[in-house]
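*Asks:* Need a 3D model of the sequence below.
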Amino acid sequence: MIARLAPELRVAFDAAAAAWKAGDRTGRIWEGDATVWTGRDEAYWLGWLDAPEREAARLGDYAELARVASHKGVRDILLLGMGGSSLGAEVLRRSFGEGDLRGGFPRLHVLDSTHPDQVRAVAHLLDPATTWVVVASKSGSTIEPNLLLAYFLDHFESALGANAAARFIAISDPGSTLDQLARERRFLALVPGEPTVGGRFSALSPFGLVPAALLGLDLPRYLERASELAAACREAEVEKNPGVSLGLALGVAAEAGRDKLTLILAPEIAALGAWLEQLVAESTGKLGQMILPIDGEPLAPPNWYGKDRLFVVVRYAGRLSDEQEDAVATLLFAGQPVLEIDCADLAELGAEFYRWEFATAVAGAYLHLHPFDQPDVEAAKAAARKLTQRVEEGGALPPEAPFYAEHGVELFADPDEAAALFLAADERSLRGILAAHLDRARPGDYVALCAFLEMSAENEAALAELRNAVSKVTGVATTLGFGPRYLHSTGQAHKGGPATGLFCQFTDKPAADLPVPGRRLTFGQVIASQARGDFEVLTERGRRTLRIHLAMGAEKGLRRLLSAF
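*Replies:* From the prediction side, this is the model:
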């Protein structure tokens, strides 16, 4: 890593590095000393440290699974998961492609949404007779993969009969409810997770390696690169340690107010950003602190950025796009702090996973945080559970009414918030209220676009355009996350970090709903409950939050919002 830091940050980094070495904190991490962090249960969660070595011993098992898939003519793999159980696989899917059927490897699909339009779209893509389903859930109790499993088990049984479960693979910790179900239903395979590895640190555990094997990766080389990086993370000299040097730079920058970790990733490895969002934000966004990754934001001139930014550039084989290289050059000329990393080839993605896991643990130690817990994620889950329970008891969600509606776009906010927006708006219109909401952004703030919509290419493009417009209007950092995925990612920082977020939450009316087999619930009710639960917790915590419901559907609704901007 090359660290190009302004003099004041360099002084702080050098002091932090000296203190880190003097306290032998690298050695203490490898010894499992919880006092490196907060002295609570951190030592239990360090199973990821030796994951590359441990998993190398299981290469035969992974190879056999891939061989059986090829022998049985499997053309598609569907992975059902959420957060750390799916995002590592999503990086591999998007970086290595969807598989090469000519080489005998199936396509990989990742489903981590409860939006009925998306569930239906994925189901229509797949032929159950040539598809395997991988259900990944560390605890076995996460609501999203459990509901998706119920749907696809029913869907496959309708097509294949009683033996459909023989096309399912479970990855879960021993003794979990999913572990038990897989045994009872006689799944094709049950791959045990490592209980001492938390979800967001699990990319080099079975949660990342099973889909990697099925996708056709050269796992021996992949794990060898990760092992080399892990060995380098034992180095006592901070500048020679890739994990410690990056982690201290992140921590020192955040302490200096540069808590917006702005990622500039080479196009070939751009998918790494979503995984980094979850790892870093969920690990550090708590107790009023955070390091918030800014992924996929449009590049801008240096004078547009505030003093809350730290830029991390990850090149691929020494290269970025021409536009990115020009942007980095102007950032350096302007004196913005920039960290530069090179990923030599796709086989080094495993090493990058490890580098960032170690760095995140180090940043947590520097900021005196517990990087392996997620205390504020549960709040939104609990609020959503209350709402889904009311649906199962009464058949419907509690009624609600917007405080303003215009041409199929409905606005919801806390009553005090709604009154403040009306008072601040130049005109009582959609345009006026949106402007009043965004006008509250101040230097050091960020705007989070939280979309409980189908993750279609059309919606992603429209939201990217909307994000660009918000960036220009507010001049602050922006994030874009799809729900419920982001609840297990940046959602922790939204609620546990500082109150510097300005939230625009988007919901829509699905084209058609889907029932959840065996439950008095539909997927439309589930995702609505998750959105309303998140909105409720954000509001309770005094976050500036506006929910924008696209009653006309996402496609028309997003166009309407773009015209308002």
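*Asks:* wait, what's in contact with the residue nearest the centre of the chain?
*Replies:* Centroid-nearest residue in the chain: Q278, 3.8 Å away (criterion: CA atoms, centre = their mean). Neighbouring residues of Q278 by CB atoms under 8 Å, 6 or more residues apart in numbering: G83, G84, L87, R200, H488, S489, T490. (Each C-beta comes from the backbone N, C-alpha and C, glycine too.)
*Asks:* how close does it get to D295?
*Replies:* Distance of Q278 to D295, given as CB to CB, to the nearest Å: 10 Å.
*Asks:* quick one on the thing from earlier: for the contacts of Q278, which one is nearest P7?
*Replies:* Proximity of the contacts of Q278 to P7 (CB to CB) peaks at T490, which lies at 31.5 Å.
*Asks:* count of residues packed around the closest one?
*Replies:* 28 (other CB atoms under 10 Å).
*Asks:* Please verify my assumption that it contacts G285.
*Replies:* Yes - counting by CB atoms under 8 Å, T490 touches G285, with 7.3 Å between them.
*Asks:* on that earlier part again, name the nearest residue to the residue nearest to the centre of the chain, ignoring sequence neighbours.
*Replies:* S489 (3.8 Å; CB to CB, 6 or more residues apart in numbering).
*Asks:* can you check D112 too?
*Replies:* Residue nearest to D112 in three dimensions, not counting chain neighbours: S86, with 4.3 Å by CB to CB, 6+ apart.
*Asks:* and if you look at S141?
*Replies:* Here the residue nearest S141, using CB to CB, 6+ apart, is T177, at 5.7 Å.
*Asks:* and the one you found, what pLDDT?
*Replies:* Looking at T177, its pLDDT is 96.
*Asks:* How about K509?
*Replies:* Here, the pLDDT recorded for K509 equals 93.
*Asks:* Pull up the gap between it and G553, please.
*Replies:* K509 is 6 Å from G553, by CB to CB.
*Asks:* same question, K240
*Replies:* Going from K240 to G553 by CB to CB gives 55 Å.
*Asks:* who's more crowded, these two?
*Replies:* Between K240 and G553, counting by other CB under 10 Å, G553 is the more crowded of the two (16 against 10).
*Asks:* That one: what's it in contact with?
*Replies:* Taking CB under 8 Å, 6+ apart as the definition, contacts of G553 comprise D508, K509, A511.
*Asks:* circling back: compute the distance between the residue nearest to D112 and L250, please.
*Replies:* Per CB to CB, S86 is found 24 Å from L250.
*Asks:* Comparing the two, which shows the higher neighbour count?
*Replies:* Between S86 and L250, S86 has the larger neighbour count (other CB under 10 Å), namely 31 against 28.
*Asks:* okay but that one is in contact with R93, surely?
*Replies:* No - between S86 and R93 there is no contact under CB under 8 Å: 9.8 Å.
*Asks:* Now do the shared contacts for these two.
*Replies:* Going by CB under 8 Å, 6+ apart, residues that sit against S86 and also against R93 are V110.
*Asks:* Relative to R547, how far out is A424?
*Replies:* Remark: distance between A424 and R547 (CB to CB) = 18 Å.
*Asks:* Domains in the chain, by residue range?
*Replies:* 2-31+235-366, 50-217, 377-564 (automatic domain parsing).
*Asks:* mind checking the end-to-end distance for the second one?
*Replies:* In this case it means domain 50-217. Between the opening and closing residues of domain 50-217 lies a distance of 21 Å (CA to CA, to the nearest Å).
*Asks:* helices and strands around the helix or strand E323 falls within, which ones?
*Replies:* Counting by DSSP states H and E, the element that carries E323 is helix 322-333. When contacts are defined as 3 or more CB pairs under 8 Å, 6 or more residues apart in numbering; DSSP states H and E, helix 322-333 packs onto strand 260-265, strand 309-316, strand 338-343.
*Asks:* hmm, try it at 7 Å
*Replies:* Applying 3 or more CB pairs under 7 Å, 6 or more residues apart in numbering; DSSP states H and E, we find helix 322-333 packed against strand 260-265, strand 338-343.
*Asks:* elements contacting the helix or strand just after the first one?
*Replies:* Scanning forward in sequence from strand 260-265, with DSSP H and E defining helices and strands, the next element found is helix 272-276. Of the remaining helices and strands, those touching helix 272-276 by 3+ CB pairs under 7 Å, 6+ apart are helix 87-96, strand 260-265.
*Asks:* at 8 Å instead, please
*Replies:* Counting by 3+ CB pairs under 8 Å, 6+ apart, helix 272-276 packs on helix 87-96, strand 260-265, helix 349-366.
*Asks:* So which bits of the next helix or strand after it are buried?
*Replies:* Helices and strands here follow DSSP H and E; after helix 272-276, the next one along the chain is helix 282-284. Buried positions in helix 282-284, judged by neighbour count with 16 or more other CB atoms under 10 Å: E282, S283, T284.
*Asks:* Then stretch 388-406?
*Replies:* Buried residues in stretch 388-406 (16+ other CB under 10 Å): T388, V391, P402, F403, Y404.
*Asks:* First-to-last residue distance for it?
*Replies:* From its first residue to its last, stretch 388-406 covers 29 Å (CA to CA).
*Asks:* Kindly report the same for stretch 289-303.
*Replies:* End-to-end distance (CA to CA), stretch 289-303: 26 Å.
*Asks:* One more: stretch 502-515?
*Replies:* End to end - CA to CA - stretch 502-515 spans 34 Å.
*Asks:* Equivalent analysis for stretch 322-342, please.
*Replies:* So stretch 322-342: terminal residues 16 Å apart, CA to CA.
*Asks:* that older thread, quick one: the buried residues of stretch 388-406 as a markdown table, columns for pLDDT too.
*Replies:* Converted to a markdown table, the buried residues of stretch 388-406 look like this (pLDDT from 0 to 100):
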| residue | pLDDT |
| --- | --- |
| T388 | 92 |
| V391 | 91 |
| P402 | 98 |
| F403 | 97 |
| Y404 | 97 |
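*Asks:* Pipe the residues you listed into TSV and attach secondary structure per row.
*Replies:* Converted to TSV, the buried residues of stretch 388-406 look like this (DSSP: H, G, I helix; E, B strand; the rest coil):
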residue	secondary structure
T388	helix
V391	helix
P402	coil
F403	coil
Y404	strand
